[in-house]
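**Student:** Task: produce atomic coordinates for the following.
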Amino acid sequence: MEDLTIFENWLAKHLPEVVKDLHPPATLEEVQLLEKTIGRSLPEDFILLYQWHNGQMGNAATGPWYGLEFMPIKKIIKSIELEKQIMEELGEDELNSMSEWMKSTPDGYVKKANSNPFWVPFAHDHGGNFLGIDLDPDKLGTIGQVINFGRDEERKIVASESVSDFLSWLVKELGNSNFNIAIEDDEDRSLNMLTPESGHFLDALAKIYPEQK
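**Tutor:** Numbers count the residues shown, from 1 in each chain. Model (predicted):
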């Protein structure tokens, strides 16, 4: 995808420490292992994303996705397996009870669930919240749509219809100077959106797509 080349060039100019933190491309075997873990095929653009780089090493203080860290396949598999274990321990009744509080924006696009083994993360905040693709959308949604989910994310938002659409949006926003690179107290740098102003991309996403009344 051309947008990945543009994106990496932007990162090299503005956040070279993130480029240095990126893993080499994922192997075919790693992609196949992820598909086996999920039990479903991955969208082509998601595979292309990981053929670009297999996530981050975790040494940089920020991540390329407006601060969210890019997850390597090994970490994705670990996250999915842990989620399956938690769902099994909670049981169907508890999961159904938790799902009553969940919402979707737009309505009918993301299944109203606390968790789903077919939500595949590619970015996280180290606090149990993720940006990923949805392989099990609700009746109006699209397989491969990019959504938020996790511990603090009761309202699931469709950020883009696909990974490729999300990348196009991101490259456009960065090209329009919609970013803020801040120096933190420890002198590390963080990447956030400039508008809407927020210290966390998933909070900014909630402002971009407000809850429908």
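**Student:** Pull the distance from the least confident helix or strand in the chain by mean pLDDT to the chain's centre.
**Tutor:** In the chain, no helix or strand scores lower on mean pLDDT, DSSP states H and E than helix 73-99, which sits at a mean of 86. Chain-centre distance of helix 73-99: 17 Å, with CA atoms, centre = their mean, to the nearest Å.
**Student:** Name the residues of the following helix or strand past that helix that are buried.
**Tutor:** Later in the chain than helix 73-99, the nearest helix or strand by DSSP states H and E is strand 103-105. Using 16 or more other CB atoms under 10 Å as the test for burial, strand 103-105 gives 104-105. Glycine gets a C-beta too; all of them are placed from N, C-alpha and C.
**Student:** residue boundaries of the helices in this protein?
**Tutor:** For the chain, the helices defined by DSSP state H cover 2-14, 16-20, 28-38, 44-52, 73-99, 163-175, 201-208.
**Student:** In the chain, which residue is most central in space?
**Tutor:** By CA atoms, centre = their mean, the chain has its centre lying nearest to Leu131, at 2.1 Å.
**Student:** quick one on the thing from earlier: now render the helices of the chain as a markdown table, adding distance to Leu194 and mean neighbour count.
**Tutor:** Listed next are the helices of the chain as a markdown table, based on distance: least, CB to CB, whole Å; neighbours: other CB atoms under 10 Å:
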| stretch | distance to Leu194 | mean neighbour count |
| --- | --- | --- |
| helix 2-14 | 13 | 15 |
| helix 16-20 | 18 | 15 |
| helix 28-38 | 34 | 14 |
| helix 44-52 | 24 | 19 |
| helix 73-99 | 29 | 14 |
| helix 163-175 | 9 | 18 |
| helix 201-208 | 10 | 18 |
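**Student:** what inclination does the least confident helix or strand of the chain have with respect to helix 44-52?
**Tutor:** Angle, helix 73-99 to helix 44-52, by axes from the mean of the first three to the mean of the last three CA atoms, to 10 degrees: 140 degrees.
**Student:** Flag the shaky bits of this protein, pLDDT-wise.
**Tutor:** For the chain, the stretches with pLDDT under 70 are 213.
**Student:** ok, the residue of it most remote from its centre - contacts?
**Tutor:** No residue in the chain sits farther from the centre than Asp93, which is 28.0 Å out by CA atoms, centre = their mean. By CB atoms under 8 Å, 6 or more residues apart in numbering, the contact set of Asp93 is empty.
**Student:** Next one: it from Pro137, what distance?
**Tutor:** 24 Å (CB to CB, to the nearest Å).
**Student:** can you check Val163 too?
**Tutor:** 14 Å.
**Student:** and what of Asp107?
**Tutor:** Between Asp107 and Pro137 the computed distance is 13 Å (CB to CB).
**Student:** residue contacts, Asp152?
**Tutor:** 127-129, 202.
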